[in-house]
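*Asks:* what follows is a predicted protein model with its sequence.
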Amino acid sequence: MRIGFIGLGNMGGPMAANLAKAGHEVAGFDLAAPCPEGVTTAASAAAAAKGAEVVITMLPNGEILRAVAAEVIPAMRAGAVFLDCSTVDVDSARAVAAQANEAGLGALDAPVSGGVGGAQAGTLTFMVGGDAAAFETARPLFEVMGAKAVHCGPSGNGQAAKICNNMILGATMAVTCEAFALADKLGLDRQAMFDVVSTSSGQSWSMNTYCPAPGIGPKSPADNDYKPGFAADLMLKDLRLSQQAAEAADADTPMGARALELYVQFVEQEDGEGRDFSALLPRFAARGRG
Ligand code: NAD
């Protein structure tokens, strides 16, 4: 397939490289990052999009996505698919999809989970919103870049699935970390805590797969001095998006709201920036109730 790829950063770079490695013809554009091996450098976003059957974007936020889409959509050929893999607000995803549909294009919002490791290994999970025909066009590309693609319904639903998942993750990691810190103060050994909770009703991905306590459970960023992994700053971004969506949809999300407050404090006022999101454990362990 001929593919235009815009946004070749930590995630987009390896995703574009995997598509090229699989034999697709990829033209890439980024304001700063270099094109990875096998990807042809285009002079602009519109030039990367010209003649492509699928244009993929992997950008920092909804505002940038809207600006890039406004430039790229008029340059795309009829019947092509605009495939955004960034994590953005639901409103931006729906606005860009509507603009693409009006121009006679297919549109998909397909945010990912799996992080930079998943992007490099081609094992991302895609959560996809948009029409079925566009999903079928993009399916072979999802198979190269990822291990799983779930079609979640119409435009915006991929972003909805992503922020709901990450709201659960943010709140669950926070309570797992505070429970470890409480266990410490009660004199309960961390290994015993893990052995009980990971096989009891308190179990979760945060405890069982990504345990925030160093030296306990499977290897995780806690065993690497809390280097990310999944950075607390990115969790903060996703929690903000979830609360923005909850506000717009009039949904009552008190746990998500509290998780957002915690990550704001951790990243913006404490030492959380650039650390893994599970580094809330040493934070709680060093504090009392005051
Ligand atoms: P990044 O900052 O490394 O990459 C973004 C790239 O977009 C940069 O190279 C930047 O130069 C480029 N860019 C910005 N404006 C542009 C424009 N107008 N035209 C062309 N290029 C432009 O970020 P990332 O970690 O690759 O994340 C990308 C998206 O994926 C974000 O929405 C993020 O939330 C999401 N995401 C990231 C991770 C992760 O672990 N890094 C995991 C899941 C989802």
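*Replies:* That came through fine.

*Asks:* show me which residues of the stretch 151-290 of the chain sit near the ligand.
*Replies:* Residues of the stretch 151-290 of the chain lying close to the ligand by Cβ under 6 Å from any ligand atom are 230, 234, 237. C-betas here are computed from N, CA, C, even on glycine.

*Asks:* surely the first one touches residue 279?
*Replies:* The reference is to residue 230. No - using Cβ atoms under 8 Å, residue 230 is not in contact with residue 279, being 10.7 Å away.

*Asks:* of these two, which one has the most company?
*Replies:* Taking neighbours as other Cβ atoms under 10 Å, residue 230 and residue 279 compare with residue 279 leading, 25 against 21.

*Asks:* look up how far the ligand lies from the more buried one.
*Replies:* Computed as Cβ to the nearest ligand atom, to the nearest Å, the residue 279 to the ligand distance reads 15 Å.

*Asks:* hang on, that residue packs against residue 273?
*Replies:* No - assessed by Cβ under 8 Å, residue 279 is found out of contact with residue 273, at 10.3 Å.

*Asks:* now for those two: what residues contact both?
*Replies:* The overlap between the contact sets of residue 279 and residue 273 (Cβ atoms under 8 Å, 6 or more residues apart in numbering) consists of residue 232.

*Asks:* still on that earlier bit, show only the entries of the residues of the stretch 151-290 of the chain next to the ligand found in helices.
*Replies:* Per DSSP state H, helices hold the following members of these: 234, 237.

*Asks:* what's the longest helix in the protein?
*Replies:* For the chain, the helix with the greatest residue count under DSSP H is helix 157-185.

*Asks:* buried residues of that helix, list them for me.
*Replies:* Neighbour-count burial for helix 157-185 flags 157-181, 183-184 (criterion: 16 or more other Cβ atoms under 10 Å).

*Asks:* show me where the stretch 1-150 of the chain has its strands.
*Replies:* In the stretch 1-150 of the chain, the strands defined using DSSP state E, counting those that start in this stretch lie at 2-6, 25-29, 40-41, 54-57, 81-84, 106-109, 112-113, 124-130, 146-153.

*Asks:* follow-up on the earlier one: between the longest helix of the chain and strand 124-130, how big is the angle?
*Replies:* Here the directions of helix 157-185 and strand 124-130 differ by 140 degrees (axes from the mean of the first three to the mean of the last three Cα atoms, to 10 degrees).

*Asks:* residues near the residue of the stretch 101-250 of the chain found nearest the ligand, how many?
*Replies:* Closest approach between the stretch 101-250 of the chain and the ligand, counting by Cβ to the nearest ligand atom: residue 115, at 3.7 Å. Each residue near residue 115 was counted by other Cβ under 10 Å, and the total is 17.

*Asks:* how about it: what's its closest non-neighbour residue?
*Replies:* The shortest distance from residue 115 to any non-neighbouring residue, by Cβ to Cβ, 6 or more residues apart in numbering, is to residue 230 (5.8 Å).

*Asks:* try residue 19
*Replies:* Nearest residue to residue 19, sequence neighbours excluded (Cβ to Cβ, 6+ apart): residue 26, at 5.2 Å.

*Asks:* ok, what's across the strand from that neighbour?
*Replies:* residue 3 (DSSP bridges).

*Asks:* quick one: contacts for it?
*Replies:* Per Cβ under 8 Å, 6+ apart, neighbours of residue 26: 3, 4, 5, 16, 19, 20, 38, 39, 40.

*Asks:* likewise for residue 140?
*Replies:* Listed by Cβ under 8 Å, 6+ apart, the contact set of residue 140 reads residue 1.
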